[in-house]
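**Q** Quick check, what structure comes out for this input:
(2 chains)
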There are 2 protein chains.
Amino acid sequence: MISKAVIKHLRLLQLKKRRDELGLFPVEGPKLVEELLRNKSWKVAELYATDEWEVPFELSSPEVVRVSENELIQISGQQQPNKVLAVAEMKVANEDISVPASGFHLLLNQIRDPGNLGTIIRIADWFGVDGMFCSVDTVDCYNPKVVQSSMGSLFRVVPVYISLEKLLVENAQSAKLAVYSSHLQGDNLFSADLKKDAFVVMGNESRGVEPALNPFITKSILIPSKSGLNEKAESLNVAVATGIVCSEWLRRFSS
Amino acid sequence: MISKAVIKHLRLLQLKKRRDELGLFPVEGPKLVEELLRNKSWKVAELYATDEWEVPFELSSPEVVRVSENELIQISGQQQPNKVLAVAEMKVANEDISVPASGFHLLLNQIRDPGNLGTIIRIADWFGVDGMFCSVDTVDCYNPKVVQSSMGSLFRVVPVYISLEKLLVENAQSAKLAVYSSHLQGDNLFSADLKKDAFVVMGNESRGVEPALNPFITKSILIPSKSGLNEKAESLNVAVATGIVCSEWLRRFSS
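**A** Residues are numbered from 1 along each chain as shown, chains lettered A, B, ... in the order given. Prediction:
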């Protein structure tokens, strides 16, 4: 049994404003919740489950609050609630981020679709990307749809929300990393001269990279399409493009 | 003004059963509808639009039925209806498909998420894939979410729904194409010996390729992840994986 106040509290966590106020976000379903509980770098504040969910290993905290199927439906943000809902503490990055001196880093510029961001976090996790920076107008990584589509990768790869312009200005001043962006008029990704240590900027789903960032781009790169086609897709989905770019860096530079 | 019967007819087109009965499917929004109308290989049977939508070029048929905003909301399957809805005739492939003798072909095995299928159709369009075959239990390509996420690529790349087992048996009998599948225990995609003329089987989002197809696989391939990571994503999204595989074929074999 949970009170109306608790139900309201949990439903409000679907909203970014509320999540930011409390520094908390919901995680749903056995697979994600168990991955969260196993990862000791995250603090789990609350845990609600139906009797169907068995605690998979010894838990010191939090206490499991048992709820009915009907209560789970009320507190869940999902169309098909699945046994368990946890509330975890966000990790909020320190605002004084120093510009990385090496490594391969993704910069996401105004990615709006939560499914795309979650999929990109999963890609960054798979390819062991060294860092991930999001413009402040990119969709919130603690949005439940992002958490869900990251398939648990968010627990290992937490994007830093920051002014990309500021980051690139500081990078230019210290001349540390080459900066690439994905662009339809760019050089062929597979034949372009690329540096191992790099920022790669991926732009918005429909508008691409914002003009303010252009002065900082070392080179635009293009994922080539089949030549000689009269009609073809105008572009690739941004998560698919990110996957192809990351795989090319791994192909070239992994020892 | 449209009648209740027309509204009902259009709403029912959200259902696969009804679409299959009539051989019709809905297409929404100015960008997709205009692309559909320009592509003369598709027959557009009905066209509904608010006054906001201007016919972009001379149309011989069908007649534009003007509807109110409220009527558009009633006939639309989208959360944010956008000016225009067309009803087009499906293209149903002949069941006597002959096994291709050459080229690069995708075989989709039980892909269930409409967004994934739409994104894969867009990838196939970008990379000029020669053919795309879907198992009969793959999500319907005329599902409105597939149409939407294909971003118009469905009008150029129409998957053939077929028994993949039958297709692979026939291919094995004639020994035409090499058959690859994406698998977590496969050979490294970037160093494996690959043939230009190929079937690549992409499996279900959670279960992978079904066992019945295994006897026909020439080689399993793996998109490598960064080595030395203790914890990482269990897999990539199937559309992202398809994008990386298609780009590798283009990188190696495009002249």
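**Q** okay, now residue A:211: neighbour count?
**A** Using other CB atoms under 10 Å in any protein chain shown, residue A:211 is surrounded by 8 other residues. In short, each C-beta sits where N, CA and C put it, glycine included.
**Q** Then residue A:200?
**A** 23.
**Q** repeat for residue A:254
**A** Around residue A:254 there are 15 residues (other CB under 10 Å).
**Q** same deal with residue A:213?
**A** Residue A:213 has 19 nearby residues by other CB under 10 Å.
**Q** Likewise for the one 5 residues further on?
**A** By the other CB under 10 Å criterion, the neighbourhood of residue A:218 contains 15 residues.
**Q** can you pull out the strands in chain A?
**A** A:24-28, A:44-49, A:64-66, A:84-89, A:104-108, A:131-134, A:160-161, A:178-188, A:198-202, A:219-222 (DSSP state E).
**Q** How about the contacts made by the residue sitting nearest the centre point of chain A?
**A** With distances taken as CA atoms, centre = their mean, residue A:121 lies nearest the centre of chain A, 3.9 Å away. The contact partners of residue A:121, taken as CB atoms under 8 Å, 6 or more residues apart in numbering or on different chains, are A:132, A:141, A:146, A:150, A:153-154, A:157, A:159.
**Q** so which two of those are the farthest from each other?
**A** Longest distance between any two of the contacts of residue A:121 is 12.4 Å, between A:132 and A:146; criterion CB to CB.
**Q** on that earlier part again, CSV please, covering the contacts of residue A:121 and showing pLDDT, neighbour count and distance to chain B.
**A** Compiled in CSV, these are given as follows (pLDDT from 0 to 100; neighbours: other CB atoms under 10 Å in any protein chain shown; distance: CB to the nearest CB, whole Å):
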residue, pLDDT, neighbour count, distance to chain B
A:132, 96, 20, 13
A:141, 98, 25, 15
A:146, 98, 25, 13
A:150, 97, 26, 8
A:153, 97, 24, 5
A:154, 97, 28, 10
A:157, 95, 22, 9
A:159, 96, 23, 15
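**Q** Could you list the low-pLDDT ranges of chain A?
**A** A:94-95, A:255 (pLDDT under 70).
**Q** Near chain B, which residues of it are found?
**A** Contact residues, chain A versus chain B (CB under 8 Å from any CB of the partner chain): A:115, A:119, A:122-123, A:125-128, A:149, A:151-153, A:156, A:190, A:223-229, A:231-237, A:239-244, A:247-248, A:250-251, A:254.
**Q** hmm, which of these are the buried ones?
**A** With burial judged by 16 or more other CB atoms under 10 Å in any protein chain shown, the buried subset of the residues of chain A next to chain B is A:115, A:119, A:122-123, A:125-128, A:149, A:151-153, A:156, A:190, A:223-226, A:232-233, A:235-237, A:239-244, A:247-248, A:250-251.
**Q** Now do the longest helix seen in chain A against strand A:104-108: the angle between them, please.
**A** Counting by DSSP state H, the longest helix found in chain A is helix A:238-253. On the basis of axes from the mean of the first three to the mean of the last three CA atoms, to 10 degrees, helix A:238-253 is oriented at 170 degrees to strand A:104-108.
**Q** circling back to that earlier point, what about the strands of chain A, which gets the closest to residue B:207?
**A** Across these, closest to residue B:207 is strand A:24-28 (CB to CB), at 21.2 Å.
**Q** angle of the closest one against strand A:84-89?
**A** 150 degrees.
**Q** Tell me the spatial nearest neighbour of residue A:23, not counting adjacent residues.
**A** Leaving out its chain neighbours, the residue that sits closest to residue A:23 by CB to CB, 6 or more residues apart in numbering or on different chains is residue A:90, at 5.0 Å.
**Q** can you tell me which residues contact that neighbour?
**A** Neighbouring residues of residue A:90 by CB under 8 Å, 6+ apart: A:19, A:23-25, A:142.
**Q** Residue A:66 is in contact with residue A:49, correct?
**A** Yes. Contact criterion CB atoms under 8 Å: residue A:49 and residue A:66 qualify, at 6.4 Å.
**Q** Looking at the two, which one has more neighbours?
**A** Neighbour tally, residue A:49 and residue A:66, criterion other CB under 10 Å: the higher count belongs to residue A:49, 19 against 14.
**Q** Show the contacting residues for the residue lying closest to residue A:122 once chain neighbours are set aside.
**A** Leaving aside its chain neighbours, residue A:122 sits nearest to residue A:153 (4.4 Å; criterion: CB to CB, 6+ apart). Neighbouring residues of residue A:153 by CB under 8 Å, 6+ apart: A:118, A:121-122, A:124-126, B:233.
**Q** So which of these belong to helices?
**A** Reading helices off those with DSSP H, I get A:118, A:121-122, A:124-126.
**Q** burial measure for residue A:202, as a count.
**A** Using other CB under 10 Å: residue A:202 sits among 23 other residues.
**Q** quick one: it from residue A:78, how far?
**A** To residue A:78, residue A:202 is 28 Å away according to CB to CB, to the nearest Å.
**Q** Repeat that for residue A:141.
**A** From residue A:141 across to residue A:78, the span is 18 Å (CB to CB).
**Q** Please name the nearest non-neighbouring residue to the residue of the stretch 1-150 of chain A found nearest chain B.
**A** Closest approach of the stretch 1-150 of chain A to chain B (CB to the nearest CB) occurs at residue A:128, with a separation of 2.9 Å. Excluding the flanking residues, the one nearest residue A:128 by CB to CB, 6+ apart is residue B:226, at 2.9 Å.
**Q** List the contacts of the one you found.
**A** A:126-128, A:250, A:254, B:232.
**Q** Kindly report the same for residue A:179.
**A** By CB under 8 Å, 6+ apart, the neighbours of residue A:179 are A:168, A:171, A:198-201, A:216-219.
**Q** Most neighbours among the contacts of residue A:90, please name it.
**A** residue A:25 (25 neighbours).
**Q** Could you measure from the closest residue to that residue other than its chain neighbours over to residue A:117?
**A** Nearest non-adjacent residue to residue A:25, counting by CB to CB, 6+ apart: residue A:142, 3.9 Å away. Per CB to CB, residue A:142 is found 11 Å from residue A:117.
**Q** and stretch A:209-219, which residues are buried?
**A** Quick answer for stretch A:209-219 (16+ other CB under 10 Å): A:209-210, A:213, A:216-217, A:219.
**Q** Extract the C-alpha set from stretch A:150-170 and format it as CSV.
**A** Output in CSV follows, covering the C-alpha atoms of stretch A:150-170 (Å, rounded to 0.1, in the frame of the first residue of the first chain):
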residue,chain,number,x,y,z
SER,A,150,19.9,3.4,-23.3
MET,A,151,19.3,-0.2,-22.0
GLY,A,152,21.4,0.4,-18.9
SER,A,153,24.3,2.2,-20.6
LEU,A,154,23.3,5.5,-18.9
PHE,A,155,24.6,3.9,-15.7
ARG,A,156,28.1,3.7,-17.2
VAL,A,157,28.1,6.7,-19.6
VAL,A,158,26.6,9.9,-18.1
PRO,A,159,26.7,12.9,-20.6
VAL,A,160,27.9,16.2,-19.4
TYR,A,161,25.5,19.1,-20.2
ILE,A,162,27.5,22.2,-21.1
SER,A,163,27.8,25.1,-23.6
LEU,A,164,29.5,23.4,-26.6
GLU,A,165,30.6,26.8,-27.8
LYS,A,166,32.4,27.5,-24.5
LEU,A,167,34.0,24.0,-24.7
LEU,A,168,35.1,24.5,-28.2
VAL,A,169,36.5,28.0,-27.5
GLU,A,170,38.6,26.7,-24.7
